[in-house]
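>>> I would like the atomic coordinates for the input below:
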Amino acid sequence: MTTLNAPRPAENRVELSMAPRLGPLLPALVVRLAIAALSLAVAALELRDFWLILAAVFALAAAVRPRVMASWLLIGLVTLGTLWSGIVGYTLEFALVLAGTHLLHVLATLTLDMSASARVQPAVLVRPLLRFAGLQAAAQVLAIVVLLLVPAARLPYASVIAGVALLALAAVLAVPFLRRQG
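A predicted model of the protein is given here:
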């Protein structure tokens, strides 16, 4: 006769653990340092002197306190720097700025909900980076087409028109989304 409290043989024991197996984890600090490095690299492509120093302050603020939205201020600063310097066509520098500011947006968005002491699974970064790659491929192709079709003298005007069109598109797409959230 066996009792309920009798020990089970070793081969029938099941190890129960309350902690899930997560695999390798990265400190959130790594993502924040990547934001700072990317911010400085993108800013150095377009900005000089005081504006580069201001970009460095934004990069530091973005890494230390993501919720102050310094990454997006830096994206705006780099975009204005690109427009002020004059776009001469599709160059490697332009392609890097386009990709870099987009990647900065993706990484900054991810860090909004990450505490500084958090640990992040690398798998969490895969889907946003895949979306980044798909959107970036389309954006680069669109940039090539626009810069080939629009004469260089008209690029500032085309940039303003494209910016207004994108804002209108964002507003049209945002209204249904915001109604569902409310």
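>>> what helix or strand is the closest residue to Glu93 other than its chain neighbours on?
The spatially closest residue to Glu93, leaving aside those adjacent along the chain, is Leu45, at 5.5 Å (C-beta to C-beta, 6 or more residues apart in numbering). Yep, even glycine has a C-beta here, placed from its N, CA and C like the rest. Assessed by DSSP states H and E, Leu45 sits inside helix 28-46.
>>> next secondary structure after that helix?
That would be, after helix 28-46 and using DSSP H and E, helix 49-64.
>>> wait, Leu107 sits on Ser39?
No: taking contacts as C-beta atoms under 8 Å, Leu107 lies outside contact range of Ser39: 9.4 Å.
>>> identify the contacts common to those two.
Ser71 (C-beta atoms under 8 Å, 6 or more residues apart in numbering).
>>> how about the contacts made by Val120?
If you count contacts by C-beta under 8 Å, 6+ apart, Val120 has them with 25-28, 30-31, 114.
>>> could you do Trp72 as well?
105, 108.
>>> I'd like the distance between it and Ser117.
24 Å (C-beta to C-beta, to the nearest Å).
>>> do Leu142 as well
The value you get for Leu142 to Ser117, if C-beta to C-beta is used, is 40 Å.
>>> what packs against the helix holding Leu45?
Applying 3 or more C-beta pairs under 8 Å, 6 or more residues apart in numbering; DSSP states H and E, we find helix 28-46 packed against helix 49-64, helix 70-85, helix 92-111, strand 119-120.
>>> if we use 6 Å, what do you get?
Counting contacts by 3 or more C-beta pairs under 6 Å, 6 or more residues apart in numbering; DSSP states H and E, helix 28-46 packs against helix 49-64, helix 70-85, helix 92-111.
>>> weakest of these by average pLDDT?
When the helices and strands packed on helix 28-46 are compared by mean pLDDT, helix 70-85 comes last with a mean of 87.
>>> in that helix, what counts as buried?
If you call a residue buried by 16 or more other C-beta atoms under 10 Å, then helix 70-85 has these buried ones: 70-75, 77-79, 81-82.
>>> try stretch 102-115
So, applying 16+ other C-beta under 10 Å, buried residues of stretch 102-115: 102-104, 107-108, 110-111, 114.
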